Every structure is written in C-alpha cells, then in structure tokens.
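Visitor: Quick one, what's the 3D model for this:
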Amino acid sequence: MDENKALFEEIYNKTKERVYKYIAAGCCKLGDIDDIYQNTYISIYNTLCRGENIREPEAFAIHVAKRELGRYYGLMKRIGCSLRSALPTGGERDTQDTESYQIEDSIADKVLAEEIEKLLSKKDIVTQKIFFLYYYLGMTLGEIAESMGIGESKVKRKLYSTLEQLRRLYRKE
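Guide: Numbers count the residues shown, from 1 in each chain. Below you'll find the predicted structure:
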C-alpha cells in the first residue's frame, strides 16, 4: 500500500497543474472543476491499487480527466441538473496589514467583485472559462487558446471586449 501511495504522490505532483487546466478548459460549469479534479485522482489511485501499470503518467492522467468529464456531465444530464455557469464564489482573501486595513475598502471590494461576478455569469461559458484560466490559473492567452481548442484571436477578443465593458461600467483605467 505504501508503494501505491508513493507512486500516486509522484504522479499527482507531475500532473496536477496540467490536469487542473485541462479540466477547467473542458468543464461546463466552473463550480464543477474541483469535483471532477478530485474524481480524476481518486480514479488514478484506484487504478494503482488494482496493480495496473501506468507507463505515461501525464497522458494517463489526462485520459482519466477526459473520462471523468464525460461521466460527470453524463450523470448530470441523466439526473436533470441544469448546467448553469457561474464563477466560483468565496475563497480566502489575502491578509492585509492591520494598519492599512479599511473596512470600507473591504466592503467596496467585495461588492465590486460580486457585481463583476454577476456580469461574468451572464456571459457565455467560453468567456467565463477564459477569465477563469487567465485570472485564476494565470495561463497565457496562447495556452488558453490551445487548451480550449480555439484561436488565440478569439481568446483575445473575448477577454479584451469584456474587460472594456467592465472598464466602461466601472470607469476604471
């Protein structure tokens, strides 16, 4: 069992970033990413426990992630859940220096973030994914285009037009 655990940790450490980005690019709802990610690695661990040999860990992990995406949305479709898209909410805020912390700033930041989230939730899933991959995962425009299988010009157009809309709406430079 310890051998499986060590091998799993090795595979996880080698593949975790690429698999997360793959799942984020392929999901239908951004809130589903973590569930699918967890299911992927549970499946990989179970494969190791059955004694199966994994020759190409990265290719295998992507294959399992692809299968888990299909299973997850197949199940969602069968039970009739809607696939309403929304950006993930919550999360931990960075702690600020207590001398510079202003409660008004915190409230204004939260309200602005909620308004931006609401606006983005009305955008198509491709635009939402682009924002998530760019701002949450720090992927480049080229990486986003490649992972989503669309042209880089389309990624730029969707990102920049939405940013321009946000700037006009909130009059920010």
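
Visitor: Now do the helices in the protein.
Guide: Ranges of helices within the chain are 2-26, 33-49, 57-79, 103-121, 125-131, 141-148, 152-170, based on DSSP state H.

Visitor: Give the rounded mean pLDDT of the shortest one.
Guide: Mean pLDDT, helix 125-131: 90.

Visitor: related to what we said a few turns ago, among the helices of the chain, show me which one is buried the most.
Guide: helix 125-131 (a mean of 20; mean count of other CB atoms under 10 Å). For glycine as for every other residue, the C-beta is placed from the backbone atoms N, C-alpha and C.

Visitor: Give the other helices and strands that that one contacts.
Guide: helix 103-121, helix 141-148, helix 152-170 (3 or more CB pairs under 8 Å, 6 or more residues apart in numbering; DSSP states H and E).

Visitor: The second one to helix 2-26, inter-axis angle?
Guide: It refers to helix 141-148. 100 degrees (axes from the mean of the first three to the mean of the last three CA atoms, to 10 degrees).

Visitor: Could you check the angle helix 141-148 makes with helix 152-170?
Guide: Using the same axes, to 10 degrees: helix 141-148 against helix 152-170 is 110 degrees.

Visitor: And for the most centrally placed residue in the chain, nearest residue in space, chain neighbours not counted?
Guide: Nearest to the mean C-alpha position of the chain, by CA atoms, centre = their mean, lies A24 at 3.6 Å. Distance criterion CB to CB, 6 or more residues apart in numbering; nearest residue to A24, sequence neighbours excluded, is I33 at 5.3 Å.

Visitor: Just the pLDDT for the one you found.
Guide: 90.

Visitor: my guess is it meets Y22, correct?
Guide: No. Using CB atoms under 8 Å, I33 is not in contact with Y22, being 10.3 Å away.

Visitor: domain assignment for the chain?
Guide: The record's domain parsing of the chain by automatic domain parsing lists 2-79, 103-170.

Visitor: weakest of these in terms of mean pLDDT?
Guide: Lowest mean pLDDT within the domains of the chain: domain 103-170, a mean of 83.

Visitor: Alright, calling it a day.
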